[in-house]
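Novice: Below: sequence and its predicted model.
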Amino acid sequence: MKELEEIKDYLIEMKNLSSLMVDLAFSSVMYNSEDIADEVYILEEKMDELTLKVKKLALRAAKYEENPEKLLSIIEMATINEQISDSAYEIADLVLRDVEPHPIIRKIMHDVDEEIGRIKVNKGSILIGQSLKQLKLPTKVGVRLIAIKRGGRYIYNPPKDEKIEEGDILIAVGSGIDRLRELSNEKEGEGEFIEEEEE
């Protein structure tokens, strides 16, 4: 059934997005990053759209099911993912409302040996057209891609054969964010470089 296939794809996307939102929400607080918190806000709106689509498709599919009650679990799963995303937004909203972080959060920031950044890949970047397998970012640059934002779509935990395109937004963590910014040919101010406190 076409509706069930679409529902499956949407639920997979929702699962990936909710995981990404939790990662970004905690990172936005740890590094006091409004830029990353804004990304969580954008994702929360997208999650609301996906939840509505799944519910509509489930209602449409119910017309053809002998036992439509089975579809309730689909609606419940979509609702739970939406609740996770809402909670992630509430965490990120602490940054957007400029709430002073608790000292324990500052301690975590001090201890974490990683950075998080949102970097735009501009024209002329040597990354364009190369796959993640070719780039070997974790070993050569010292970063791990959490996601690639391409237009309005997010590629969560991008596969090794994924190729970087001009205009991609790379959401990455690691010690080589500054180097990744250089390789992306990013202009000053287009992304954000968030670093832990100096030891």
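Specialist: Received, thanks.
Novice: Run through this structure and note the low-pLDDT ranges.
Specialist: The chain contains residues with pLDDT under 70 at 1, 106, 108-113, 187-199.
Novice: Can you show me the strands along it?
Specialist: Taking DSSP state E as the criterion, the chain contains strands spanning 115-120, 143-150, 153-156, 169-174, 192-194.
Novice: okay, these in TSV with distance to residue 82 and mean neighbour count next?
Specialist: Where you see a C-beta, it was placed from the backbone N, CA and C, and this is true even at glycine. Output for the strands of the chain, formatted as TSV (distance: least, Cβ to Cβ, whole Å; neighbours: other Cβ atoms under 10 Å):
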stretch	distance to residue 82	mean neighbour count
strand 115-120	24	24
strand 143-150	19	20
strand 153-156	16	16
strand 169-174	21	22
strand 192-194	27	18
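Novice: Dump the ones you listed into JSON lines; add distance to residue 43 as well.
Specialist: Formatted as JSON lines, the strands of the chain follow (distance: least, Cβ to Cβ, whole Å):
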{"stretch": "strand 115-120", "distance to residue 43": "12"}
{"stretch": "strand 143-150", "distance to residue 43": "9"}
{"stretch": "strand 153-156", "distance to residue 43": "7"}
{"stretch": "strand 169-174", "distance to residue 43": "11"}
{"stretch": "strand 192-194", "distance to residue 43": "16"}
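Novice: closest to residue 61 out of those strands?
Specialist: For the strands of the chain, the distance to residue 61 is smallest for strand 153-156, at 24.4 Å, taking Cβ to Cβ.
Novice: Who are the packing partners of that closest one?
Specialist: Applying 3 or more Cβ pairs under 8 Å, 6 or more residues apart in numbering; DSSP states H and E, one finds that strand 153-156 contacts helix 2-30, strand 143-150.
Novice: Distance to residue 104 for those - can I get that in TSV?
Specialist: Converted to TSV, those look like this (distance: least, Cβ to Cβ, whole Å):
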stretch	distance to residue 104
helix 2-30	11
strand 143-150	24
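Novice: picking up where we left off before, right, so of the strands of the chain, which gets closest to residue 80?
Specialist: strand 153-156 (17.7 Å).
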